[in-house]
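S.K.: What follows is a predicted protein model with its sequence.
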There are 2 protein chains.
Amino acid sequence: MDEDTIDDDTIDEPRIGDAFGEIMRAALAELTGRGPRPTIGGTIPRPVIEIVERDDGLINGAPAARYLCGPDEWQPFDRRALDRLDAPTLDVGAGPGRLTLALQERGVPVTALDTSPGALEVAAARGVRRSVCATVAEHAASGAAYDRFALLGNNLGLLGSREAAPGFLAALAAMARPGARIVAQGTDPYGGTDELHLAYHARNRERGRMGGQLRVRVRYRNLATEWFDYLLCTPAELDEVLAPTAWRLESVDDADAPFYVATLVLR
Amino acid sequence: MDEDTIDDDTIDEPRIGDAFGEIMRAALAELTGRGPRPTIGGTIPRPVIEIVERDDGLINGAPAARYLCGPDEWQPFDRRALDRLDAPTLDVGAGPGRLTLALQERGVPVTALDTSPGALEVAAARGVRRSVCATVAEHAASGAAYDRFALLGNNLGLLGSREAAPGFLAALAAMARPGARIVAQGTDPYGGTDELHLAYHARNRERGRMGGQLRVRVRYRNLATEWFDYLLCTPAELDEVLAPTAWRLESVDDADAPFYVATLVLR
């Protein structure tokens, strides 16, 4: 008889690994037609999907191709941010290098920084010339210096949380030449009406977190990243987060709200 | 100081609910432009993604729009299966009704059967005239009778497992008029080279399961279905599964291997 009842004891967790990098490898295969990519039944191609799980049980999937597209396909706020990167730049959380490549094309010296080895391999395969696989703190320890720090593609989120942001920003300050700017794209999380997000903001505040402090992990096939914090905040909240740091908010371009591009300068 | 360390105790499980139905509602909104659908930041639309988690930690996402497309966009084996449904049909696992609608269009009497209330609401909104929200066993108890049972869109998988299949097939036999046929689309899972799938087949066999017995759940936003079994098997395995049942394999159309359309007839 069937003793194989369905219970949670027989369900395996994903393995911890470079899920984001594997997504980028597959997205490159989707773009170029070379290398392993998702299929149905091994024959019918299907798009590469990045899956993000949030700590309230929410899960979302979105096509990964956007990580590899050129400036013509970018959102307008991303293109405006690009224009602000007019001096030697560290592309923070560069992923597979869409911004790094655009800056290289413009002749702006640029280094791609990411913690995902897979994403940086894809970046190299696509023509990114300088990349470093490290956290901002690790890279700061190397003595590198820059005039611009780019946090595009919502990467203002890399500030993480009220608690984590000062350390992250101190690492950028340690690499900042005089007159340096951080150009960071963020999203105001509070304008929507989606009740799951509204409940999540309340859940976060009950835990002493900022409302838009997302605790997430990326999944792909049998891999998951560790859980990490990714901060969505308003420009006013950002201003508060910056208070104990070396950086101040110089300007905010919010022409495409809820998305905005914040420019930060050393005090 | 930050006491908010990241550990699994603070991670919530998804809620059990009609995840598949919610995906279909969102897919309809994507198609029609009416109703809530996924966005980035509440403004930029993104495609609806069906996420399926497997019990070995694997996760996959695929666009849901395929559930709503018409026969011109179907795979060729699906169109050939459609031609075999030439008498009053029960569309088993009908979802939002792409097959039911195609049969209605052809003037074939058809009933959509599904356990997802949300999917059947979408089916009704799209013009499906007869639907029943029930399992095959529940529906058989109502005394309904049919000449054809359609299990398209890989729904041979609804046989579930070696252990579950006889009960499922007995329910169909109880609703079968003389000369009835089951037209079921399946997939041979063993032809590929993906090491994760090969390892999964071995893992299943170690547990006494058929190699292609998928144990999965569907997720969408904060919802998950219960875990359920969905059987991928070869025609030869299907033949063995049928041995203790009232049905025998009449023919197999495997012109588009690894996909095939099996026709089953009462012994």
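M.R.: Received it, and whenever you're ready, just let me know what you need.

S.K.: burial count for the residue of the stretch 51-200 of chain A found nearest chain B?
M.R.: In the stretch 51-200 of chain A, no residue comes nearer to chain B than residue A:61, which is 3.3 Å away by C-beta to the nearest C-beta. For the C-beta atoms, the positions are set from N, CA and C on the backbone; glycine is no exception. When counting by other C-beta atoms under 10 Å in any protein chain shown, one arrives at 26 neighbours for residue A:61.

S.K.: Kindly report the same for the one 5 residues further on.
M.R.: When counting by other C-beta under 10 Å, one arrives at 16 neighbours for residue A:66.

S.K.: Same check on residue A:60?
M.R.: Residue A:60 has 20 neighbours, counted by other C-beta under 10 Å.

S.K.: What are the buried residues along whichever strand or helix holds residue A:251?
M.R.: Element membership for residue A:251, per DSSP states H and E: strand A:247-253. For strand A:247-253, a neighbour-count test (16 or more other C-beta atoms under 10 Å in any protein chain shown) marks A:247, A:249, A:252, A:253 as buried.

S.K.: for stretch A:44-62, same thing?
M.R.: A:47-62.

S.K.: go on, stretch A:200-219?
M.R.: So stretch A:200-219, judged by 16+ other C-beta under 10 Å, has buried residues A:200-201, A:204, A:209-219.

S.K.: overlap between those and the residues near chain B?
M.R.: The subset of these within reach of chain B, by C-beta under 8 Å from any C-beta of the partner chain, is A:209, A:215, A:219.

S.K.: can you list the residues you listed in JSON lines and add pLDDT?
M.R.: Converted to JSON lines, those look like this (pLDDT from 0 to 100):
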{"residue": "A:209", "pLDDT": "97"}
{"residue": "A:215", "pLDDT": "98"}
{"residue": "A:219", "pLDDT": "98"}
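
S.K.: So which of these are in helices?
M.R.: Nothing among those maps onto helices, per DSSP state H.

S.K.: Of those, which is the nearest to residue B:226?
M.R.: Distance to residue B:226 across those (C-beta to C-beta) is lowest for residue A:219, with 20.1 Å.

S.K.: what is the closest residue to residue A:247 other than its chain neighbours paired to in the beta sheet?
M.R.: Of all residues not flanking residue A:247 in the chain, residue A:264 sits nearest, at 4.3 Å (C-beta to C-beta, 6 or more residues apart in numbering or on different chains). Beta-bridge pairing for residue A:264 (DSSP bridges): residue A:182, residue A:249.

S.K.: and residue A:264, what pLDDT?
M.R.: pLDDT recorded at residue A:264 is 98.

S.K.: Neighbours of it, how many?
M.R.: For residue A:264, using other C-beta under 10 Å, the count is 26.

S.K.: that older thread, farthest-separated two in the buried residues of strand A:247-253?
M.R.: Once C-beta to C-beta is applied, the buried residues of strand A:247-253 give A:247 and A:253 as the farthest pair, at 16.9 Å.

S.K.: just the strands in the stretch 51-200 of chain A please.
M.R.: With DSSP state E, counting those that start in this stretch as the criterion, the stretch 51-200 of chain A has strands at A:59-63, A:89-92, A:110-114, A:131-133, A:146-151, A:176-187.

S.K.: List the strands paired with the fourth one, with their directions.
M.R.: Okay, so that is strand A:131-133. In the sheet, strand A:131-133 lines up against strand A:110-114 (parallel) (DSSP bridges).

S.K.: Equivalent analysis for the second one, please.
M.R.: Partner strands for strand A:89-92, per DSSP bridges, with pairing direction: strand A:110-114 (parallel), strand A:146-151 (parallel).

S.K.: how about a markdown table for these, with distance to residue B:68 added?
M.R.: Output for these, formatted as a markdown table (distance: least, C-beta to C-beta, whole Å):
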| stretch | distance to residue B:68 |
| --- | --- |
| strand A:110-114 | 37 |
| strand A:146-151 | 38 |
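
S.K.: right, so of those strands, which gets closest to residue B:162?
M.R.: Nearest of the strands paired with strand A:89-92 (C-beta to C-beta): strand A:110-114, 46.4 Å.

S.K.: Kindly list the longest helix within chain A.
M.R.: Chain A, longest helix under DSSP H: helix A:19-32.

S.K.: Convert the C-alpha atoms of that helix to PDB, please.
M.R.: Extracted as PDB, the C-alpha positions of helix A:19-32 are listed here (Å, rounded to 0.1, in the frame of the first residue of the first chain):
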ATOM      1  CA  ALA A  19      21.400  31.700  -7.600                       C
ATOM      2  CA  PHE A  20      21.700  35.200  -9.100                       C
ATOM      3  CA  GLY A  21      24.800  34.300 -11.100                       C
ATOM      4  CA  GLU A  22      23.100  31.200 -12.500                       C
ATOM      5  CA  ILE A  23      20.100  33.300 -13.600                       C
ATOM      6  CA  MET A  24      22.500  35.600 -15.400                       C
ATOM      7  CA  ARG A  25      24.300  32.700 -17.100                       C
ATOM      8  CA  ALA A  26      20.900  31.400 -18.300                       C
ATOM      9  CA  ALA A  27      19.800  34.900 -19.400                       C
ATOM     10  CA  LEU A  28      23.000  35.100 -21.500                       C
ATOM     11  CA  ALA A  29      22.200  31.700 -23.000                       C
ATOM     12  CA  GLU A  30      18.700  32.900 -23.800                       C
ATOM     13  CA  LEU A  31      20.100  36.000 -25.500                       C
ATOM     14  CA  THR A  32      22.900  34.400 -27.400                       C
END
